[in-house]
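*Asks:* 3D model of this:
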Amino acid sequence: MTRLNVLLLLGLIFSAVYLVRVSHESRRLFADLDKARNEERLLGSEFERLQSDQQSQATPLRVEKTARDKLAMRSATPAVTQYVSGARSASTASSGSAP
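*Replies:* This is a model prediction of the structure:
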């Protein structure tokens, strides 16, 4: 009977140690999951902010301002527009005048 009691006591001790170990692992995994969820929320809000920044950067006014300031471009007006006749129209004109 004493052997059975010792065997049951050892089984109880191993079971208790295993339970404590599993509980600790469960708490650690829950903490990791909570950290991952918080990081997901932060990344989601940063993604939305970056999308908003991207949309504000791509507005036509912003593009035009950048073209004027950094690239020194100006708007095309009839006063500064030059029309160039292509080589095709010149060859057509010369062949049209010869019979």
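*Asks:* Need the contact partners of stretch 69-85.
*Replies:* Contacts made with stretch 69-85 from outside it, assessed by CB atoms under 8 Å, 6 or more residues apart in numbering, are listed as 67-68. Using the backbone N, CA and C atoms, a C-beta is placed for each residue, glycine as well.
*Asks:* Compute the first-to-last residue distance for that stretch.
*Replies:* Across stretch 69-85, the terminal residues are separated by 32 Å (CA to CA, to the nearest Å).
*Asks:* mind checking how far residue 34 is from residue 45?
*Replies:* For residue 34, the distance to residue 45 under the criterion CB to CB, to the nearest Å works out to 17 Å.
*Asks:* I should have written residue 16 there, sorry.
*Replies:* Relative to residue 45, residue 16 is positioned 44 Å away (CB to CB).
*Asks:* avg pLDDT for the longest helix seen in the chain?
*Replies:* Longest helix of the chain, by residue count under DSSP state H: helix 2-57. Taken as a whole, helix 2-57 carries a mean pLDDT of 96.
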